[in-house]
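Engineer: what's the 3D shape of this:
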Amino acid sequence: MPHQPTFVLVHGAFANSFSFAPLQAELALLGHRSAAVDLPGHGFDATFPAPYQAPQDLDALAAEPGGIKGVTLADNVAHVIDVLERAKRNGPTVLVAHSRGGLTATLAANTRPELIDRIVYVSAWCPVDLDVGGYYAEPEMADVDPGGFAAALVGNPAELGLLRTNFRTADPATLAAFKQAFAADLTDDEFRTFLNTFQPDENLDAGTPDDRAQAATWGRIPRTYVRLAADASVPPAVQDRMIREADALTPDNPFDVRTLEGSHLRWLVHPRPAAELLGDLVGS
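Structural biologist: Okay, the predicted model is just below:
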């Protein structure tokens, strides 16, 4: 169908295209086309070291090389731009980003705005006044404790050249911290199933102040921010702050703001409301 929009879906940290499968099924049932992206070093390009398997050898895992070492935000952007160029041949594109995927989407929009007909952030990072590290020091992120995941970190990121997390840990306190941050409203089985779709390695490049949203390029694309009302990882307060900052940057092109109930991951596990919301965006 030549003028049907294509939803291009960009995942967050430690995730991959697999997490979008239930959403893509719902979109397809509503008659919508979608393409889920695996950023470089993700999906079947990910490294799952043998010591990560059971029984685990954490000492060996701490030293095992990972293929995502050296992957940069610019590499992510180049990959998404290639996907957008291919999708654009078939009609309009809607770039949908979740969580850390917002960094890639923002820089892609800064770089090639003509490839994107609408950009949708789903509780995703949209840095405007600060870079991501800067937001973590602000009051809106005060209730987020990255130290809660420290027990799951494996190896020295500076030596490995990547961030490695043991999502297969059986430590009750660490699992509780993960569930509280990402999936407090999911069942334990749903939570553990999602956890098993994560990959252990993520790249270290979260961008610089130069990678923030730019009014002249990113700012001319119609945009939607989908707030996740019970997100404890990217709290509503920081979601709302990024919306306000973006609207101040381009007041003539403000965010269309929508809200879904639920945690950081619920919309992917129970995707029908999200699919209907996305369908409404292209339908209108």
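
Engineer: what about residue 39, distance to residue 249?
Structural biologist: 26 Å (C-beta to C-beta, to the nearest Å). All C-beta atoms are positioned from the backbone trio N, CA, C, and that covers glycine.

Engineer: what lies in contact with the helix or strand bottoming out on mean pLDDT in the chain?
Structural biologist: Within the chain, no helix or strand scores below helix 132-136, which has a mean of 91 by mean pLDDT, DSSP states H and E. Applying C-beta atoms under 8 Å, 6 or more residues apart in numbering, the contact partners of helix 132-136 are 103, 125, 127, 141, 144, 146, 206, 207, 238, 241, 242.

Engineer: and residue 151, how many residues sit next to it?
Structural biologist: For residue 151, the neighbour count with other C-beta atoms under 10 Å is 13.

Engineer: I'd say it and residue 170 touch.
Structural biologist: No: taking C-beta atoms under 8 Å as the definition, residue 151 is not a contact partner of residue 170, at 11.3 Å.

Engineer: pretty sure residue 267 contacts residue 274?
Structural biologist: Yes: in this structure, residue 267 is within contact of residue 274 by C-beta under 8 Å, at 4.4 Å.

Engineer: need the residues touching each of these two.
Structural biologist: With contacts defined as C-beta under 8 Å, 6+ apart, the residues shared by residue 267 and residue 274 are 23, 122, 226, 260.

Engineer: mind listing what the second one touches?
Structural biologist: Meaning residue 122. By C-beta under 8 Å, 6+ apart, the contact list for residue 122 reads 96, 97, 98, 99, 226, 228, 260, 267, 274.

Engineer: using the three-state scheme, assign the second one.
Structural biologist: Residue 97 falls in the strand class when you classify it by DSSP: H, G, I helix; E, B strand; the rest coil.

Engineer: that one and residue 203, how far apart?
Structural biologist: Note on residue 97: its distance to residue 203, by C-beta to C-beta, is 16 Å.
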